[in-house]
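Engineer: My questions are about this predicted structure, shown below with the sequence.
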Amino acid sequence: MKTAIRLAAAAAAVAALSACEDPAATAAASGWEGGVPYGTYTVVGFGREAVPTRDGSIRLGPGTIAGSGPCNTFTATNTATLPQIHISTMNWTDIPCGHKGFEGRLFQALTQAEQAQWQGGVLKIIGPTYITLERTGD
């Protein structure tokens, strides 16, 4: 009986959380702009380096770029229309972490990004340093 009550409570919690989801935000995140699909990407290359830990992610949406490094999250405003990138504002958390070198360079490369290029299922963000990404979600 306790198991049935717990299952019912869990189902009610999931239903309540999904009711809070903003359907407009979900719909806005799907689609394409300038030949680049919106969605979530995992950083697999940074400049000439491979990123075997795959602990950086970027989410492209209309006018926004958000994501995370190994320890911190960020949000940025893209004032250009994809495939062009112009970051006007970028904010990130500042949690101390051992990956500060990679994370700091990643965040700096994003602020200097100029273009996104989608080709053969791979996204490249191009600037003084290029970032190679694989799509991992909508």
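Structural biologist: Cool, got the structure.
Engineer: how about the helices of this structure, start to end?
Structural biologist: If DSSP state H is used as the criterion, the helices of the chain fall at 2-20, 23-29, 100-111.
Engineer: Tell me how far residue 59 lies from residue 94.
Structural biologist: 20 Å (C-beta to C-beta, to the nearest Å). C-beta coordinates here come from the backbone N, C-alpha and C atoms, glycine included.
Engineer: same question, residue 63
Structural biologist: 24 Å.
Engineer: Which of the two has more residues huddled nearby?
Structural biologist: residue 63 (15 against 8; other C-beta atoms under 10 Å).
Engineer: Once you drop chain neighbours, what's closest to that one?
Structural biologist: With sequence-adjacent residues excluded and distances taken as C-beta to C-beta, 6 or more residues apart in numbering, residue 63 is closest to residue 78, at 5.6 Å.
Engineer: For residue 49, list each beta-bridge partner.
Structural biologist: Beta bridges link residue 49 to residue 46 when assigned by DSSP bridges.
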